[in-house]
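Chemist: Give the three-dimensional model of this entry:
(one chain, ligands or ions: 1)
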Amino acid sequence: MKKQTREIVLSGMRPTGRLHLGHYHGVLRNWLKLQEEHDCFFFVADWHALTTEYATPESIRQSTREMVIDWLSVGLNPSKATFFIQSDIKEHAELYLLLSMITPLGWLERVPSYKDLQKELTQKDLSTHGFLGYPLLQTADIVLYNATKVPVGEDQVPHIELAREVVRRFNFIYGETLVEPQPLLTNSPKLLGPDRRKMSKSYNNCLYLGDSADEIRRKVSEAITDPARQRKSDPGNPDICLIFDYHKLHSPSDLQNRINEECRAAKIGCVEDKKRIIEILNDFLEPIRKEKARLLEKPQEIDLIIEEGEKKARQVAEATMERIRKVMKI
Ligand code: TRP
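Modeler: Now for the predicted structure:
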């Protein structure tokens, strides 16, 4: 048997709204597995949210708390992993500042998300120092906890690359001090919303983890299936049907096989198929909803979890900062 080595795993999420099924399959499902196998730190990156939302910060605080509640309600467990809020640990800011001294501007300017997001989010002025520094703040997040593995999606890999370069430069200048992280690529299935576009808050097409059974029913009933299939007697194509994508993630394989065959043979209609997936999704979401409702009734329990996480995170972050201050003679 292969001996399992426990790695230090760290990842963060920006608090930009409620979590949906896309987050579950793309991120949380992976975190659930990692918390069983490694020493995990998961944090809410509220300062990172400010880099783009600085003009409308009202929602960040509320989303921060709700994000922790969403994490807990899917089964992330504070006795297995450490959960904390970035802005509670001021060492992130101190390390970000110190790392900025040795980071060439060109390294930040060539990170693809810098120019891409500036072009995409044209209604926001992102020609700020904070936005340029986004991946360097992320470097500080990672390095403070000596993380060796950082679970991220493909889009974040250049940020981890930058972190690795900064660590190497730091260690070259001041001597071996910081741990070089590696990305842990999460293969996240792209989940479509009922309108066939990528599930995303900005498209307003999300199946939220906290949606009621009725909301799920309404949203999924309106979903666009195989556009070429006009009536039940037309054979359907599950390969391009988002409902079938949901089956792939939520249904037992014998049911998947049966639906696959029956849809292609025009034996089962979309309405019937939708009814079935609505039930399956609601069965999956029900315990999450229940736990979320329970936690919302218990604000002190959340406070305590956040406080405990903060303590554990601070211990590690302080120790790293001491090492860093020492080698930087500050
Ligand atoms: N930039 C990440 C995202 O948008 C969030 C994040 C911030 C992060 N700090 C991190 C992820 C540190 C991993 C490690 O998804």
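
Chemist: Would you enumerate the residues in contact with Leu191?
Modeler: Neighbour list for Leu191: Leu21, Gly22, His25, Gly26, Lys198, Met199, Asp245, Leu249 [criterion: C-beta atoms under 8 Å, 6 or more residues apart in numbering]. Every residue, glycine included, has its C-beta placed from N, CA and C.

Chemist: cool, Thr148 as well?
Modeler: Glu7, Ile8, Val9, Val179, Glu180, Pro181, Gln182.

Chemist: Beta-bridge partners for the second one, please?
Modeler: It refers to Ile8. Judged by DSSP bridges, the bridge partners of Ile8 are Asp39.

Chemist: confidence score at it?
Modeler: pLDDT recorded at Ile8 is 98.

Chemist: hang on, it packs against His38?
Modeler: Yes. Between Ile8 and His38 there is a contact under C-beta atoms under 8 Å: 7.1 Å.

Chemist: Between those two, which contacts overlap?
Modeler: Lys149.

Chemist: Neighbour count: those two, which is higher?
Modeler: Neighbours were counted for Ile8 and for His38 using other C-beta atoms under 10 Å; His38 has more, 22 against 18.

Chemist: what about Arg229, which SS state?
Modeler: When classified by DSSP: H, G, I helix; E, B strand; the rest coil, Arg229 comes out as coil.

Chemist: ok, how many other residues are close to it?
Modeler: 18.

Chemist: just the contacts of Thr148 that are near the ligand?
Modeler: Checked against the ligand using C-beta under 6 Å from any ligand atom, those give no members in range.

Chemist: For those, give me JSON lines that also has distance to Lys219.
Modeler: JSON lines is the format used below for the contacts of Thr148 (distance: C-beta to C-beta, whole Å):
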{"residue": "Glu7", "distance to Lys219": "38"}
{"residue": "Ile8", "distance to Lys219": "39"}
{"residue": "Val9", "distance to Lys219": "33"}
{"residue": "Val179", "distance to Lys219": "44"}
{"residue": "Glu180", "distance to Lys219": "44"}
{"residue": "Pro181", "distance to Lys219": "38"}
{"residue": "Gln182", "distance to Lys219": "38"}
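
Chemist: Just the buried ones out of those residues, please.
Modeler: Glu7, Ile8, Val9, Glu180, Pro181 (16 or more other C-beta atoms under 10 Å).

Chemist: check contacts around the second one.
Modeler: Okay, so that is Ile8. Per C-beta under 8 Å, 6+ apart, neighbours of Ile8: His38, Asp39, Phe41, Tyr145, Asn146, Ala147, Thr148, Lys149, Val179.

Chemist: got it, and Thr139?
Modeler: Counted by C-beta under 8 Å, 6+ apart, Thr139 has contacts Tyr96, Leu99, His159, Leu162, Ala163, Val166, Val167.

Chemist: What of Tyr203?
Modeler: Gly193, Asp195, Arg197.

Chemist: My guess is the first one contacts Lys201. True?
Modeler: No. Using C-beta under 8 Å as the test, Gly193 is too far from Lys201 to be in contact (10.1 Å).

Chemist: between these two, which one's more packed in?
Modeler: Per other C-beta under 10 Å, whichever of Gly193 and Lys201 has more neighbours is Gly193, with 21 against 14.

Chemist: Name the spans of the stretch 1-150 of the chain whose pLDDT lies under the cut-off.
Modeler: Scanning the stretch 1-150 of the chain for pLDDT under 70 picks out the ranges 1-4.

Chemist: Now do the strands in it.
Modeler: Counting by DSSP state E, counting those that start in this stretch, residue ranges of the strands within the stretch 1-150 of the chain are 8-13, 39-44, 81-85, 149-152.

Chemist: Turn the contacts of Tyr203 into a markdown table, columns for pLDDT, secondary structure and distance to the ligand.
Modeler: Below are these laid out as a markdown table (pLDDT from 0 to 100; DSSP: H, G, I helix; E, B strand; the rest coil; distance: C-beta to the nearest ligand atom, whole Å):
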| residue | pLDDT | secondary structure | distance to the ligand |
| --- | --- | --- | --- |
| Gly193 | 96 | coil | 19 |
| Asp195 | 95 | coil | 24 |
| Arg197 | 94 | coil | 20 |
